[in-house]
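In: got a predicted structure plus its sequence, pasted below:
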Amino acid sequence: MSKTLAGKVAIVTGAGSGIGRELALALAARGARVGVGVRRIETGEETVSLITASGGEAIPLAMDVSQEAVVESGTAEIARRFGRLDILVHNANDRSTSGVVAADENLTAEKWRDQSRIALGGAFLTARAAYPHMKAAGGGRVFLMSSTFGFHGAAMNTIYASQKSAFRGFIKSLAREWGRDGITVNGICPAAATAPTKIFFDQNPPMRDAYMRKFAVGRMGDPRTDIAEALAVLCMDETSYLTGQVMFLDGGMYPWG
Amino acid sequence: MTQGSILVCAPGTPSLGGLSDALAGLGAAVRFTADGEAAAAAIALEKPRAIALAQTAPGGTIRRRLVEQSLDEWMAHSDDSCIALFETLLAIRKALDGSRCSIVLIGAGVGQTGAPGHVALATAAEGQRGLMKSIARQWGPDIRFAWASVWTPLLHPDVAEEVLPEQPELGAYRPPLGARPGWNDVARAVLALADLAEVTTGQTIMIDGGEWMFP
């Protein structure tokens, strides 16, 4: 693997499993030193073990992204230990709420706010904490993991879809705010065969078959090779002109734009 | 043109009075309400053919760079707008009680274009737009939706939108249609969108004189 990110320092939130873990592995494989942000430290230690076993360098970081003090101190700790911060990927997501399917009349403001703490609150806190370090480094890359749900809406998953849509406004405005500091801000909408997705589709074969017909490439993406590797490429210095975009890594499922 | 009355509902968004006046000027039967409860009461009295709705967070708008905001300010000016709109729409749906209606949501253009100093407002606008799409999938066919993005200072006169820098060699920037639309232009668009909702839902259009031409 070419060390295209050698010398870079990254923080990936929600990196204890799934796409987040793959993102941390992919960045480390290209030479970045990685702060592995997780809520449960043991999952972060597992990710770090995988990275170090491959010759990379990483630190587990207990970081509930809804907690202001924790985000501030964790981000500062990574910048201090590794000397800088260049890349932030806000991937953390609360599965206990985001995957809940519910009719609108059964949703409440309290449920909405519970779900917002990690999505919108986490996006705000992690970006704000990263900014001074990226500015000091002469620039950086901020990525938010969004969703196609944010573009096409989602029946029975209103809160999640609204928040992923909200990321677009966040990304476009922050890109304009930080562009002159050399910091790019972009979003990714992945369609990947994560473990929960596989389980869901194994239990719902007709839905799986209908869904699979949408992919232009005829398959659902692999979290490692199709999502994490692509994002790692987007973190390279050569992408400094790409900002304010929300990109679809979806195998041509939604050929918008 | 749309037949029947039009309800203009403007929680936290008094500028929408301009839209109400413009719709009346076009001959529409208009009722203006300043909050969701009043809207529900008005709907109970007379089921409107269409509703034009803009919802601002209870805390209003904020023009401040992200790094200068507190977490509480951030959530109050971004997420709370979405929650407030959701609650208003639930009240409207209940009051409609199965009646057919087109709802045209009016939103700030910065959601789609981005603007420095407006991260919270843009996040709120896009969150609301995503909300509209999700409920459009669930509330049809009786309730249909459209989203009209307008020039942000028209909707929120207290904020000044960052615009493209003027180029002296080209003169001041002007949209292809000559000027940024005012409420009279938006009113005509609202009537058209309310009619368009007969055949589609969840769609977005920018009422900006052709400035951005998204997508």
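Out: Great, that's in hand. Remember, it's a predicted structure, so these values are computed and weren't measured experimentally.
In: my read: residue B:107 touches residue B:152, true?
Out: No. Look at residue B:107 against residue B:152 with CB atoms under 8 Å: they stay out of range, at 9.2 Å. Glycine gets a C-beta too; all of them are placed from N, C-alpha and C.
In: higher neighbour count, these two?
Out: Taking neighbours as other CB atoms under 10 Å in any protein chain shown, residue B:107 and residue B:152 compare with residue B:107 leading, 29 against 25.
In: separation between the more buried one and residue A:190?
Out: 26 Å (CB to CB, to the nearest Å).
In: list the contacts of the one residue in the stretch 101-250 of chain A that gets nearest to chain B.
Out: Nearest residue of the stretch 101-250 of chain A to chain B (CB to the nearest CB) works out as residue A:165 at 2.3 Å. With contact taken as CB atoms under 8 Å, 6 or more residues apart in numbering or on different chains, residue A:165 is in contact with A:149, A:150, A:151, A:153, B:126, B:127, B:129, B:130, B:131, B:133.
In: so which bits of the helix or strand hosting residue A:127 are buried?
Out: Using DSSP states H and E, residue A:127 sits in helix A:109-136. Within helix A:109-136, the residues scored as buried using 16 or more other CB atoms under 10 Å in any protein chain shown are A:112-113, A:115-131, A:133-135.
In: how far off centre is stretch A:1-21?
Out: Relative to its chain's centre, stretch A:1-21 lies at 10 Å (CA atoms, centre = their mean, to the nearest Å).
In: next: stretch B:195-215.
Out: Chain-centre distance of stretch B:195-215: 12 Å, with CA atoms, centre = their mean.
In: which residues touch it?
Out: A:153, A:256-257, B:1-2, B:50, B:102-104, B:109, B:112-113, B:129, B:132-133, B:136-137, B:140, B:144-151, B:175-181, B:185-186, B:189, B:193.
In: and the residue of chain B found nearest chain A, what are its phi and psi?
Out: The minimum distance from chain B to chain A, using CB to the nearest CB, falls at residue B:130 (2.3 Å). Main-chain dihedrals, residue B:130, degrees, to the nearest 10: phi -70, psi -40.
In: with adjacent residues omitted, what lies nearest to it?
Out: Nearest residue to residue B:130, sequence neighbours excluded (CB to CB, 6 or more residues apart in numbering or on different chains): residue A:165, at 2.3 Å.
In: what strand or helix carries that neighbour?
Out: Assigned by DSSP H and E, residue A:165 belongs to helix A:158-178.
In: the residue nearest to residue B:7 when sequence neighbours are not counted: what secondary structure?
Out: Among residues not flanking residue B:7 along the chain, residue B:48 sits closest, at 4.2 Å (CB to CB, 6+ apart). Counting by DSSP: H, G, I helix; E, B strand; the rest coil, the backbone at residue B:48 sits in coil.
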